[in-house]
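> Have a look at this fold, sequence not included:
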């Protein structure tokens, strides 16, 4: 199976898809598919299903992320109906970050979302997120897994070896954009380890974050341990494309 690079794109917080289309067009030279977050970091954005449809309209493969935080069962069924009407068949189901406004609903779990989607349509292809810890048995029923972002190839390979799964697993890689970004990540994800030397390098030169992430992508590809990488380029998608275009 060919190594896949699944690039995450930033959905807009305003009713304008121009920047999304630019991200898709730029990254299409290296991306096997595009993941669209769902109200990521607790902010309202254009529907991930709508943006996944836009990806498909531009000739790409879209994966719509849907979180359990923002929807009850009826709302989730609406999203599945909308996706089916738009021809969107690939999903990543997640719990969801703490919202900046409003409350978290407790009507759904990732597990119940997988079960509901499977009952809705056999054509849906559903995935779940996996922390770098032992895998719950129910997550092994997903069609694919996205592992937690890590800045250590060694940690990712060790986890993959210790917790094998019979479904495609995509390793999480993120571009560290700045020293401030490192602090924000550390506060939001307490168990993420960001090397001090990487933070220092990015503080001195922001291009260092792009270079480190791209080197990590290539090392994971060469390891053969993962089906691919889930790459989060943040605002550096142009630089990421330029670095990887001739290397993948």
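Received, thanks. Please read these numbers as outputs of a predicted model, since none were measured by experiment. Numbering: from 1, shown residues only.
> so where's this structure uncertain?
41, 97-104 (pLDDT under 70).
> swap the cut-off to 80 and go again
1, 40-42, 96-106, 188, 190 (pLDDT under 80).
> Quick check: the gap between the residue with the largest distance to the centre of it and residue 178.
Each residue of the chain has a distance to the centre, and by C-alpha atoms, centre = their mean the biggest one is for residue 204: 27.5 Å. For residue 204, the distance to residue 178 (C-beta to C-beta, to the nearest Å) stands at 11 Å. No exception for glycine: its C-beta is placed from N, CA and C like everyone else's.
> Could you do residue 39 as well?
Note on residue 39: its distance to residue 178, by C-beta to C-beta, is 23 Å.
> For residue 33, what are phi and psi?
For residue 33, the backbone dihedrals (degrees, to the nearest 10) come out as phi -160, psi 170.
> residues touching the nearest residue to it once chain neighbours are set aside, list them.
In space, and not counting its chain neighbours, residue 33 is closest to residue 61: 3.9 Å by C-beta to C-beta, 6 or more residues apart in numbering. Shown in contact with residue 61 (C-beta atoms under 8 Å, 6 or more residues apart in numbering): 32, 33, 34, 55, 90.
> Looking at those residues, which are in helices?
The helices, defined by DSSP state H, take in residue 55 from the contacts of residue 61.
> Compare residue 39 and residue 178 and say which is more crowded by neighbours.
The neighbour comparison of residue 39 against residue 178 (other C-beta atoms under 10 Å) goes to residue 39, with 23 against 15.
> Make sure the more buried one is actually in contact with residue 71.
No: with contact defined as C-beta atoms under 8 Å, residue 39 does not reach residue 71; the gap is 9.9 Å.
> on that earlier part again, return the closest of the contacts of residue 61 with respect to residue 246.
residue 32 (16.7 Å; C-beta to C-beta).
> Residue 93 bridge partners, please.
Beta-bridge partners for residue 93, by DSSP bridges, are residue 66, residue 128.
> Residue 180 sits in which helix or strand?
helix 179-188 (DSSP states H and E).
> Could you list every helix and strand that that helix packs against?
helix 196-204 (3 or more C-beta pairs under 8 Å, 6 or more residues apart in numbering; DSSP states H and E).
> May I see the buried residues of the helix it packs on?
198, 199, 201, 202 (16 or more other C-beta atoms under 10 Å).
> my guess is the third one contacts residue 213, does it?
No: between residue 201 and residue 213 there is no contact under C-beta under 8 Å: 11.9 Å.
> and the closest residue to residue 155 other than its chain neighbours, how many residues sit next to it?
Spatial nearest neighbour of residue 155, excluding adjacent residues (C-beta to C-beta, 6+ apart): residue 132 at 6.5 Å. Using other C-beta under 10 Å, the number of residues around residue 132 comes to 21.
> so who does residue 132 touch?
147, 148, 150, 155, 156, 159.
> make it 10 Å
147-150, 152, 155-156, 158-160, 162-163, 171-172, 191-193 (C-beta atoms under 10 Å, 6 or more residues apart in numbering).
> Next one: it from residue 226, what distance?
Distance from residue 132 to residue 226, by C-beta to C-beta: 13 Å.
> Mutual contacts of those two, please.
With C-beta under 10 Å, 6+ apart as the test, residue 132 and residue 226 both reach 147, 156, 160, 171.
> For residue 217, give its distance to residue 39.
Taken as C-beta to C-beta, the span from residue 217 to residue 39 is 27 Å.
> Contacts only, for residue 111.
Shown in contact with residue 111 (C-beta under 10 Å, 6+ apart): 68, 93, 128, 136, 138, 139, 141, 142.
> SS state for it?
Judged by DSSP: H, G, I helix; E, B strand; the rest coil, the three-state class of residue 111 is helix.
> that older thread, from the contacts of residue 111, which would you call buried?
Applying 16+ other C-beta under 10 Å to those flags 68, 93, 128, 139, 142 as buried.
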